[in-house]
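>>> got a predicted structure plus its sequence, pasted below:
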Amino acid sequence: MISNPFILSLIAFLILGCKPESKDKHQNAGFQRIVQESPQQQEELPVYYRFPSAREMLKYIKSDALIYRTDLINSTQYLDQYTDSRSQTSNLGVYLADFSYMILFGRTRQARDYFNAIVELTSDLRISIPEEDEITQRISDNLHDIDSLIKISDDYQSYIIDYLIKTDREKTLALISTGSYIEGLYIALNMVTDYKKNMETLERIADQKYAFNHLVRFAKSFPEDVHTKYAIRHLQEINEHFNQLTISGEAIKSERTGSNRMVFKGGEQVTMNKEQFEMLRETVTKIRRDIVKHNH
């Protein structure tokens, strides 16, 4: 099964299904269990608050069996080719996911370059970040401190979400979230090199079915926006694959704690066979290629 930040964490969060005997495994992945909110409270939670960011997703699937691949991130050399609003917004999400990926896997040599790309796109999109120069300096001062980099990344993404919500630009958040989530999914799927040897990772990727439904709902909140229509088209294509996955057991529910951590409850299991995995990977790779497309 599978499963950052945004409002206060960027792409905000999933629904973990786990078998009773797997509780410790999921807790060790960074999740904790809390009392379930009432159905009314669940219904009142904003949709964007209940799907995972790329960092949360990648942290959930990370294991010693997965090897970091430098070819999976979108090179910052293409940054200047993103000149229109849609490509800038989508690729801000992509670079946020890439930044999280390299930090989580301890590959921080290029972290400053990727953070600078994120800052540049944020500025191009006129998203105001408080004390941005100070945050940039914190990145430089902590390049070899993974925990500090994760905290800085979470803070920065929280500022982005907070600003977009306060200025009624949730449709921009939907597009950023789509770019980031698809990039995270692309990375996760392409780190799997052997279907049989990476079954646990694939189970966790399959669990994204629930988070993905929340993301689709969020994007559909802005059906008249031309850029969001672009995102919805991609999301629906991916969602067709998730909807074909086999489900068994008790329903899963997601919750967010007061510290903005996503937690998961339930025992439902989503499974994905080899053919479904390969088809999902092919579709996500094709869509990701369209999002990051450049001249060379």
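Structure's in. What do you need? Numbers count the residues shown, from 1 in each chain.

>>> quick one: the strands in the stretch 151-296 of the chain?
Using DSSP state E, counting those that start in this stretch, the strands assigned to the stretch 151-296 of the chain run over residues 246-248, 253-256, 262-265, 269-271.

>>> give the buried residues for the last one.
Residues of strand 269-271 classed as buried by neighbour count (16 or more other Cβ atoms under 10 Å): Gln269, Val270. (Each C-beta comes from the backbone N, C-alpha and C, glycine too.)

>>> chain center to it: distance?
Its chain's C-alpha centre and that of strand 269-271 lie 20 Å apart, by Cα atoms, centre = their mean, to the nearest Å.

>>> each with direction, which strands does that strand pair with?
Next to strand 269-271 in the sheet, as set by DSSP bridges, lie strand 246-248 (antiparallel).

>>> so what touches the strand it pairs with?
Strand 246-248 is contacted from outside by Lys209, Glu268, Gln269, Val270, Thr271, Met272, using Cβ atoms under 8 Å, 6 or more residues apart in numbering.

>>> may I ask which of those comes out lowest in pLDDT?
When those are compared by pLDDT, Glu268 scores lowest at 69.

>>> show me what the helix or strand hosting Arg55 is packed against.
Per DSSP states H and E, Arg55 falls inside helix 54-61. The contact analysis (3 or more Cβ pairs under 8 Å, 6 or more residues apart in numbering; DSSP states H and E) places helix 54-61 against helix 85-104, helix 146-166, helix 170-191, helix 199-206.

>>> if we go to 6 Å?
helix 85-104, helix 170-191, helix 199-206 (3 or more Cβ pairs under 6 Å, 6 or more residues apart in numbering; DSSP states H and E).

>>> give me the element the nearest residue to Ile139 once chain neighbours are set aside is part of.
Counting by Cβ to Cβ, 6 or more residues apart in numbering, Ile139 lies nearest to Phe115, which is 4.9 Å off, once chain neighbours are set aside. Per DSSP H and E, Phe115 falls inside helix 111-124.

>>> which residues are in contact with whichever helix or strand comes after that helix?
The first helix or strand that comes after helix 111-124 along the chain, using DSSP H and E, is helix 132-141. Here helix 132-141 makes contact (Cβ atoms under 6 Å, 6 or more residues apart in numbering) with Arg112, Phe115, Ile152, Tyr156.

>>> could you rerun that using 10 Å?
99, 108, 111-112, 114-116, 118-119, 122-123, 129, 131, 145, 148-149, 151-153, 155-156, 159 (Cβ atoms under 10 Å, 6 or more residues apart in numbering).

>>> out of the residues you listed, which are buried?
99, 108, 111, 114-115, 118-119, 122, 129, 149, 152-153, 155-156, 159.

>>> mean pLDDT lowest where, among the strands of the stretch 151-296 of the chain?
strand 262-265 (a mean of 53).

>>> distance of the closest residue to Glu170 other than its chain neighbours from Ser123?
Distances taken as Cβ to Cβ, 6+ apart place Leu164 nearest to Glu170, at 6.4 Å, with adjacent residues excluded. Distance of Leu164 to Ser123, given as Cβ to Cβ, to the nearest Å: 14 Å.

>>> I'd say Asp56 and Ala188 touch.
I think there's a mix-up here, since residue 56 is Glu and not Asp. No: counting by Cβ atoms under 10 Å, Glu56 sits too far from Ala188 to count as a contact (11.7 Å).

>>> quick one: contacts for the residue nearest the centre of the chain?
Centroid-nearest residue in the chain: Ala54, 2.2 Å away (criterion: Cα atoms, centre = their mean). Contacts for Ala54 (Cβ under 10 Å, 6+ apart) come out as 4-5, 10-11, 93-94, 96-101, 104, 157, 177, 179-188.

>>> picking up where we left off before, now for the residue nearest to Glu170, how many residues are close by?
21 (other Cβ atoms under 10 Å).

>>> pLDDT score assigned to it?
For Leu164, pLDDT reads 92.

>>> so it makes contact with Leu92?
No: between Leu164 and Leu92 there is no contact under Cβ under 10 Å: 11.1 Å.

>>> who touches both of those two?
Taking Cβ under 10 Å, 6+ apart as the criterion, Leu164 and Leu92 both touch Leu125, Ile127, Thr172, Ile176.

>>> contacting residues for the second one?
Put plainly, it is Ile127. 89, 92, 119, 121, 159-161, 163-164, 167, 169, 172-173, 176.

>>> measure Asp80 to Ala117 for me?
Distance from Asp80 to Ala117, by Cβ to Cβ: 10 Å.
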